[in-house]
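> The amino acid sequence is not available; the structure is as follows:
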C-alpha cells in the first residue's frame with residue numbers, strides 16, 4: 001500500500017519520490033546508496049535532532065493511504081543504525097486539501113490527548129545490522145487521506161538508515 005516504500009525511485013541526496021520532509025522536523029531522510037536492505041537505496045538520517053519524513057506530504061495526496069475503520073493494518077520497515085537509537089512512526093489524518101490534520105484516534109484519554117497506538121517509538125537493539133520494526137493500528141473510522149511519518153527521534157552522531165517500508169491489511 002505504500003508507494004516507493006523501498007525508496008528505489010529518487011536520486012541520491014534528495015527526497016525519495018513521493019516522500020517529503022514533515023513540517024520543520026530535520027533536513028535529512030534523503031536517498032542514499034551507502035547501504036540498503038534490498039535494492040540499491042535507503043533513506044539516510046543524520047544529525048542530533050528529531051528528523052521526520054512522510055509519504056505524500058501535504059501537497060502530494062497521490063502517495064497518501066486510505067484506511068477503513070475497524071480493519072487492522074501493519075507497517076513494517078527495516079532500520080540500520082546504532083543500538084539504543086530510537087525511530088518513531090506515527091499516522092496522521094489530513095483534511096481534503098491538507099489544511100486540517102491530527103493524529104488518528106483522537107478519542108484517547110491519555111494526558112497528551114493522543115491515542116498512543118498511532119504513535120510508536122522503536123529502539124534499536126543491535127548496532128550495524130538491519131532490524132525490522134513493526135507498528136500495527138486499528139483505525140476507529142474510515143479515513144481517506146492518511147500520511148505516515150517516520151524517522152529517528154534520536155540519532156546521535158552517526159547515521160541511521162531506513163528501507164523497505166510496507167503497510168498491509170492483516
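Okay, I see it. No experiment lies behind these values; they were computed from the predicted model shown.

> just for the protein, where's the confidence low?
Within the chain, the stretches falling below the threshold (pLDDT under 70) are 22-27, 47-52, 54-64, 93-116, 144-145, 154-157.

> try 50 this time
By pLDDT under 50, the low-scoring segments of the chain are 96-101, 105-114.

> The longest strand anywhere in it - contacts with which helices or strands?
Longest strand of the chain, by residue count under DSSP state E: strand 143-154. Other helices and strands packing on strand 143-154, by 3 or more Cβ pairs under 8 Å, 6 or more residues apart in numbering; DSSP states H and E, are strand 53-55, strand 65-67, strand 86-94, strand 160-169. To be clear about C-beta, it is placed using only N, CA and C from the backbone, and glycine gets the same treatment.

> So what are the sheet partners of it and their directions?
With DSSP bridges as the test, strand 143-154 is paired with strand 53-55 (antiparallel), strand 65-67 (antiparallel), strand 86-94 (antiparallel).

> Buried ones in the second one, by neighbour count?
Residues of strand 65-67 classed as buried by neighbour count (16 or more other Cβ atoms under 10 Å): 65, 67.

> quick revisit: dump the strands paired with strand 143-154 into TSV; add distance to residue 117 as well.
Converted to TSV, those look like this (distance: least, Cβ to Cβ, whole Å):
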stretch	distance to residue 117
strand 53-55	18
strand 65-67	13
strand 86-94	9
